[in-house]
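Undergrad: what follows is a predicted protein model with its sequence.
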Amino acid sequence: MKLKYGKFLPGIIILFLISSCGSKTNKIEPPRGGSKPSDPPALAVEGYIIRPSVLHSSIEVAGTLLPFEETEIHPEVSGKVTYLLIQEGAHVKKGTLLARLFDGDLQAQLQKLKVQLQVAQKTQERQAELLKIGGISQQDYDLSALDVSSIKADIQVLQASIDKTIIRAPFDGKIGFKNISIGAFITPTTIITTIRQDSKLKLEFSVPEKFTPKVKMGNVIFFTTESSPKRYQAKIFATESGITEENRSLKVHAVVENTDKNITAGSFAKVAFDMGDNSDAVMIPTQAIIPEARDKKVITYNGGSAYFKIVTTGTRDSAKVEILSGLSIGDTVITTGLLSIKPGSKINLSSLNK
């Protein structure tokens, strides 16, 4: 038995030594001192301290010149045209006779009523004398007076029908194209011509929603057109009742009093809308704005950390943009390294521009 185990003893000793060495090699010693991984260094960026700025702001918007008054001229009744005096492109005064419809039958009825009125009035006069001497009753006289009043009313109704056959210019203006000729039978749906008031024009333009508080009745604005380098002025006299939902803007009307041949209705206009001076405007460099799908943001510096704020922008120039809300005087905004900064990141101001 001793020889049998003695034969395997050297191999057992070698395996034991190899196992002991392997266990020492794979053994992991615990870290000494318990220190944590070091924090990343603060990012070096440039900042801008907001100071009050004087801002003279104005915006340029597109506008359209419209006639101050414009209408289509229709007849009030149907009939055949017997008189027509429409000179296309001519200027006419209010009340100028433009056309007349056939009214022969109405005139005949009018003459008949006038004869009846004369007879009725004479009858009333005779009965008035008889009433004084008691020759007739008061009732008989009242019936004759009623007959006179009735005929007069019929004459007024018929005269109104005759007046409807006469077409006149409703206001001073320029006549458009003539659409009918003498002898034509027309109805109230027929457009005889159009007339536009050209002594003054109406300028229509829209102001973005954030600038609507600057729109005041009586404010003077300036505009130019493609057809003339001259600078014209207009005075605001009306606004729409509310802001449109399509483009979130307020529609404005201004009257143009001093017109000349270089500007006409339908022309495109570039409107310079002056919003005055603001001595406490909040202005920051344009590159500090971070545009997003719904909002615009800036990164502010406070106590070595970065904070993101949503802002509302106003007018801008080549270098700076106005902040309407979201920032205050004295805040520090970051102007460089914006893409590398996350909310709460540690930052270090390498330079500060004021």
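TA: Nice, I can see it. Quick caveat: nothing in here was measured; it's all calculated off a predicted structure.

Undergrad: mind giving me the packing neighbours of the helix or strand containing Glu322?
TA: Secondary-structure element containing Glu322, defined by DSSP states H and E: strand 320-325. Judged by 3 or more CB pairs under 8 Å, 6 or more residues apart in numbering; DSSP states H and E, strand 320-325 is in contact with strand 52-67, strand 268-285, strand 305-316. (Each C-beta comes from the backbone N, C-alpha and C, glycine too.)

Undergrad: buried residues in it, which are they?
TA: For strand 320-325, the neighbour count (16 or more other CB atoms under 10 Å) marks Lys320, Val321, Glu322, Ile323 as buried.

Undergrad: now the helices for this protein?
TA: All helices of the chain, identified by DSSP state H, fall at 2-26, 104-132, 138-163.

Undergrad: dump stretch 100-120 to PDB, restricted to CA.
TA: In PDB, the C-alpha atoms belonging to stretch 100-120 read as follows (Å, rounded to 0.1, in the frame of the first residue of the first chain):
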ATOM      1  CA  ARG A 100     -81.700 106.100 -67.600                       C
ATOM      2  CA  LEU A 101     -84.200 103.300 -68.100                       C
ATOM      3  CA  PHE A 102     -87.500 103.400 -70.000                       C
ATOM      4  CA  ASP A 103     -90.200 105.000 -67.800                       C
ATOM      5  CA  GLY A 104     -92.900 106.000 -70.200                       C
ATOM      6  CA  ASP A 105     -95.600 103.900 -68.600                       C
ATOM      7  CA  LEU A 106     -94.700 105.300 -65.100                       C
ATOM      8  CA  GLN A 107     -94.800 108.800 -66.500                       C
ATOM      9  CA  ALA A 108     -98.300 108.200 -67.900                       C
ATOM     10  CA  GLN A 109     -99.500 106.900 -64.600                       C
ATOM     11  CA  LEU A 110     -98.000 109.900 -62.900                       C
ATOM     12  CA  GLN A 111     -99.900 112.300 -65.200                       C
ATOM     13  CA  LYS A 112    -103.200 110.500 -64.500                       C
ATOM     14  CA  LEU A 113    -102.700 110.800 -60.800                       C
ATOM     15  CA  LYS A 114    -101.900 114.500 -61.100                       C
ATOM     16  CA  VAL A 115    -105.200 115.100 -62.900                       C
ATOM     17  CA  GLN A 116    -107.100 113.100 -60.300                       C
ATOM     18  CA  LEU A 117    -105.400 115.200 -57.600                       C
ATOM     19  CA  GLN A 118    -106.500 118.500 -59.200                       C
ATOM     20  CA  VAL A 119    -110.100 117.300 -59.300                       C
ATOM     21  CA  ALA A 120    -110.000 116.000 -55.700                       C
END
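
Undergrad: if we can go back for a sec, nearest to Gly304, of the buried residues of strand 320-325?
TA: Here the nearest of the buried residues of strand 320-325 to Gly304, counting by CB to CB, is Ile323; it sits at 23.2 Å.

Undergrad: relative to Ile73, how far out is the closest one?
TA: 54 Å (CB to CB, to the nearest Å).

Undergrad: cool, and Lys297?
TA: Lys297 is 58 Å from Ile73, by CB to CB.

Undergrad: out of the two, which sits in the busier spot?
TA: Ile73 (20 against 16; other CB atoms under 10 Å).

Undergrad: so that one sits against Ile167, correct?
TA: Yes. Using CB atoms under 8 Å, Ile73 is in contact with Ile167, at 6.4 Å.

Undergrad: who touches both of those two?
TA: Common neighbours of Ile73 and Ile167, counting by CB atoms under 8 Å, 6 or more residues apart in numbering, are Leu98, Ile192.
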